[in-house]
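*Asks:* Structure for this input, please:
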Amino acid sequence: MSLDVPHIYRFLALVAGLATVAVSGPSYAQKAQGYVLEVGGNVTGQVGAGQPVKVEKGQTLINNATITTSPQSFAVLKFEDGTAVLLKENTSFQIQHYAYNPKVPEDAGANFILVRGGLRMIAGPVMSRNRDALKVATPLVTMGIRGTEFVATLVNPLYLQVLSGAVGATNAAGTVVFSAGQAAIVTSSTTLGSLIPITQVPPGVFQMPNFPLTADPATIPSGIPVGGVAAGGFGAATAIAIGVIGVAGVIAASANQSSATNH
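*Replies:* Numbers count the residues shown, from 1 in each chain. Purely as a prediction, here's the structure:
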């Protein structure tokens, strides 16, 4: 039986192209919102419901990405407007939505989610101009960041320490604003946050990795997005394409052998 090799090659090239599109998905076309400034230990990232992949320093951040730190691990995230986030161990943090255009700074905004664990955050100068521009949601309260550097740890309850500026804590019970030098506790999603003496905060709650944070605007590098192709290896799409090309080679070889035998 003769094989139409040119047609087979065209078909396999089409399959490889479709496989690449299917695996990489639309998230790869998103504009990078920030990048991973530093990592320590085991840190993973995923986009949406995608598979968690090891996070490397220099990878970029896109909307709907979640960064998760393991025990004895940490991550530092930097965003274009200058906002910086330090994640302590056993933390899960989602970039729900981030938008910043230096040409239209008044339209900047960010919505983050602290799913669990703890963070230290310093708001960039652009986000600091609008009291509603930067928010961090948790299961117990949504924090409105107002020209602020703060620490928050969610261990049910949520503990909050304001280092500069102010933080508005809003839930079903209403809103309360905490200022620089104050510590607060939120015990449930239906209870207002309240002040707490720092001496009554459990040991280690506000302890963070020793890494300096600055609010300087950042230039986003052209790195692979977190949750995408693992650094130092082939992505799934590349592997599929290589596999398809390999099959094409086998078919071509068989066709040549068949032709030689017939002659």
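*Asks:* is residue 74 in a bridge, and if so with what?
*Replies:* On the basis of DSSP bridges, residue 74 is bridged to residue 40.
*Asks:* ok, it to residue 35 distance?
*Replies:* 16 Å (Cβ to Cβ, to the nearest Å). C-beta here means a position set from N, CA and C on the backbone, and glycine is covered the same way.
*Asks:* Could you do residue 66 as well?
*Replies:* 16 Å.
*Asks:* And residue 74 and residue 35? Which one has more around it.
*Replies:* Higher neighbour count among residue 74 and residue 35: residue 35, with 23 against 20, using other Cβ atoms under 10 Å.
*Asks:* From the contact counts, what lies against the helix or strand the more buried one falls within?
*Replies:* When elements are defined using DSSP states H and E, residue 35 is found to belong to strand 34-40. For strand 34-40, the helices and strands in contact under the criterion 3 or more Cβ pairs under 8 Å, 6 or more residues apart in numbering; DSSP states H and E are strand 60-61, strand 74-79.
*Asks:* The following helix or strand past that strand - what's its average pLDDT?
*Replies:* Heading C-terminal from strand 34-40, the first helix or strand you meet, by DSSP H and E, is strand 43-47. Average pLDDT, strand 43-47: 97.
*Asks:* quick revisit: distance to residue 141 and mean pLDDT added to the helices and strands packed on strand 34-40, as CSV?
*Replies:* Below are the helices and strands packed on strand 34-40 laid out as CSV (distance: least, Cβ to Cβ, whole Å; pLDDT from 0 to 100):
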stretch, distance to residue 141, mean pLDDT
strand 60-61, 24, 97
strand 74-79, 21, 98
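*Asks:* Switch those over to CSV; also include distance to residue 181.
*Replies:* Listed next are those as CSV, based on distance: least, Cβ to Cβ, whole Å:
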stretch, distance to residue 181
strand 60-61, 31
strand 74-79, 24
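*Asks:* And those: which comes nearest residue 31?
*Replies:* The closest approach between residue 31 and any of the helices and strands packed on strand 34-40, judged by Cβ to Cβ, belongs to strand 60-61 at 9.3 Å.
*Asks:* Run through who's touching the helix or strand following that closest one.
*Replies:* Under the assignment DSSP H and E, the closest C-terminal helix or strand after strand 60-61 is strand 65-69. By Cβ atoms under 8 Å, 6 or more residues apart in numbering, the surrounding residues in contact with strand 65-69 are 36, 41-47, 52, 55, 61, 75, 77, 87-95, 115, 117, 225-227.
*Asks:* same check, this time on stretch 169-182
*Replies:* By Cβ under 8 Å, 6+ apart, the surrounding residues in contact with stretch 169-182 are 140-144, 146, 160-168, 184, 186, 189-195.
*Asks:* hmm, 10 Å instead?
*Replies:* Applying Cβ atoms under 10 Å, 6 or more residues apart in numbering, the set of residues contacting stretch 169-182 from outside is 131, 135, 137-144, 146-150, 152, 158, 160-168, 184-186, 188-196, 198.
*Asks:* Now do that stretch: distance from first to last residue.
*Replies:* End-to-end distance of stretch 169-182 (Cα to Cα, to the nearest Å): 13 Å.
*Asks:* mind starting the numbering at 270 from now?
*Replies:* Renumbered: residue one is now 270, and that last one reads stretch 438-451.
*Asks:* Can you list the buried residues in that stretch?
*Replies:* The neighbour-count criterion (16 or more other Cβ atoms under 10 Å) identifies 438-440, 445-447, 451 as the buried residues of stretch 438-451.
*Asks:* so where's the stretch 370-519 of the chain uncertain?
*Replies:* Residues of the stretch 370-519 of the chain meeting the criterion pLDDT under 70: 397-398, 400, 498-519.
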